[in-house]
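A predicted structure for the sequence below; I have some questions about it.
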Amino acid sequence: MGQFGFEKMQEIQKELQAHYEDLWGDLNPEKGRDTLLWAIIEAGEMADIIKKEGDEAIMKDEETRRHFIEEFCDTMMFLNDLLLCYSISPEDVEKVYLEKHRRNMSRW
């Protein structure tokens, strides 16, 4: 299995979006607000698993772990859609992510 990063994620999100464009509409800044809310809802579902099942189940129970990872993937899918709504490329993310990392490394 090769590298799996934002470029691949955005590629498959574009494919999914094109498949359902008639149903979902176009990705654009106006839709970005709703997309962010959906990402937060999916992250909340991850939090529910932590709350209801606990850390140990996520680490040791195969079904709980799979469910947690699935909700993580849902969250990432909406976050990638959000990037697409605002025309943010993987290169944009990489540049700012690395800048933020450098700042954080010297922050405390």
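All right, it came through fine.

How many neighbouring residues does Gln3 have?
Per other CB atoms under 10 Å, the neighbour tally for Gln3 reads 6. In short, each C-beta sits where N, CA and C put it, glycine included.

all helices for the chain, in order.
6-19, 21-24, 29-53, 55-60, 62-85, 90-105 (DSSP state H).

quick one: contacts of the first one?
For helix 6-19, contacts defined as CB atoms under 8 Å, 6 or more residues apart in numbering pick out Trp24, Leu27, Met76, Met77, Asn80, Asp81, Leu83, Leu84, Ser89, Pro90, Val93, Glu94.

can I get those residues in CSV with neighbour count?
Output for those, formatted as CSV (neighbours: other CB atoms under 10 Å):
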residue, neighbour count
Trp24, 12
Leu27, 21
Met76, 16
Met77, 18
Asn80, 26
Asp81, 24
Leu83, 21
Leu84, 21
Ser89, 13
Pro90, 17
Val93, 16
Glu94, 13
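
quick one: which of those residues is nearest to Thr35?
Thr35 lies nearest to Asp81 out of the contacts of helix 6-19, by CB to CB, at 4.9 Å.

Pull the contacting residues for that closest one.
With CB under 8 Å, 6+ apart, Asp81 has these contacts: Gln13, Gln17, Leu27, Thr35.

Phe68: which of the residues you listed is nearest?
Gln13 (20.9 Å).

Neighbours of that closest one, how many?
Residues within reach of Gln13, counting by other CB under 10 Å, total 20.

Also Tyr20?
Counted with other CB under 10 Å, Tyr20 comes out at 9.

can you tell me how far it sits from Gln13?
Distance of Tyr20 to Gln13, given as CB to CB, to the nearest Å: 11 Å.
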